[in-house]
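Asker: Got a predicted model here, sequence first, then my questions.
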Amino acid sequence: MDHSHTSCPPPPREADDGMSPKDFDASFTADMPRLRKRLLALTGNPHDADDLLQETYLRLSRRARAQSLTRQQHPYAYTCAVALNLLRDSWQHPSRRERTTDELPESGWDGGLASYEASATALSLLGMLSEKEAAAVILVDLEGLTHDTAGERLGAHRGTVQRNRLRGLAKMRAALHN
């Protein structure tokens, strides 16, 4: 008789050693405030503590629904160990953590075409202006100088620079709207 394709049956489980999903929910709900307080102390951030709490619940509730979560003698200690393992895992693999930033995402890559088109349009518009108007627009709007500093560079009064800039910008706006 060929026994190479047979496997050993799993050991019989005692009827009462598994934790039902309902029992798990009750146990976790009872331990949740205490666990959250501990996670808050460890992370220092209520959002991170809540995320870890939720991930711990999801991890353990999956096992409870699959009836592979055994009844624990000390459920809080077990739940806490799972939460700490998840926290340690996030420290060891920082790429898995969500990162917040105040920077906008990059726009799609176009091979530099949009930048080239913008430069070509700006040069075209500046070419329509008088030399004084173009100089005022370039120094104040593109280089970020004040009217006083631009006036010093151009050898003109700040009011003259301001007038030339406003005339130049008005011409550029009019050309764009046509």
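Answerer: Yes, it's here.
Asker: Run the chain-centre distance for stretch 19-35.
Answerer: Distance, stretch centre to chain centre, for stretch 19-35: 31 Å (CA atoms, centre = their mean, to the nearest Å).
Asker: Mind checking the pLDDT average for it?
Answerer: Averaging pLDDT along stretch 19-35 gives 85.
Asker: now stretch 103-111
Answerer: Taken as a whole, stretch 103-111 has an average pLDDT of 67.
Asker: Could you do stretch 60-73 as well?
Answerer: Rounded mean pLDDT across stretch 60-73 is 78.
Asker: Please apply the same query to stretch 44-52.
Answerer: Stretch 44-52 shows a mean pLDDT of 90 in the predicted model.
Asker: go on, stretch 125-134?
Answerer: Stretch 125-134 shows a mean pLDDT of 93.
Asker: Going by neighbour count, which residues in it are buried?
Answerer: Buried residues in stretch 125-134, defined by neighbour count with 16 or more other CB atoms under 10 Å: 125-126, 129, 132-134. In short, each C-beta sits where N, CA and C put it, glycine included.
Asker: From those residues, which land in helices?
Answerer: 125-126, 132-134 (DSSP state H).
Asker: can you tell me the distance between the two ends of stretch 151-162?
Answerer: The first residue of stretch 151-162 is 9 Å away from its last residue (CA to CA, to the nearest Å).
Asker: re the thing from before, could I get the ones in helices among the buried residues of stretch 125-134 as a markdown table with distance to Glu103?
Answerer: Listed next are these as a markdown table, based on distance: CB to CB, whole Å:
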| residue | distance to Glu103 |
| --- | --- |
| Leu125 | 29 |
| Leu126 | 30 |
| Lys132 | 38 |
| Glu133 | 35 |
| Ala134 | 33 |
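Asker: Would you point out the most distant pair within those?
Answerer: Leu125 and Lys132 (15.5 Å; CB to CB).
Asker: And stretch 36-45, what's buried?
Answerer: Neighbour counts over stretch 36-45 (16+ other CB under 10 Å) mark 36, 38-40, 43 as buried.
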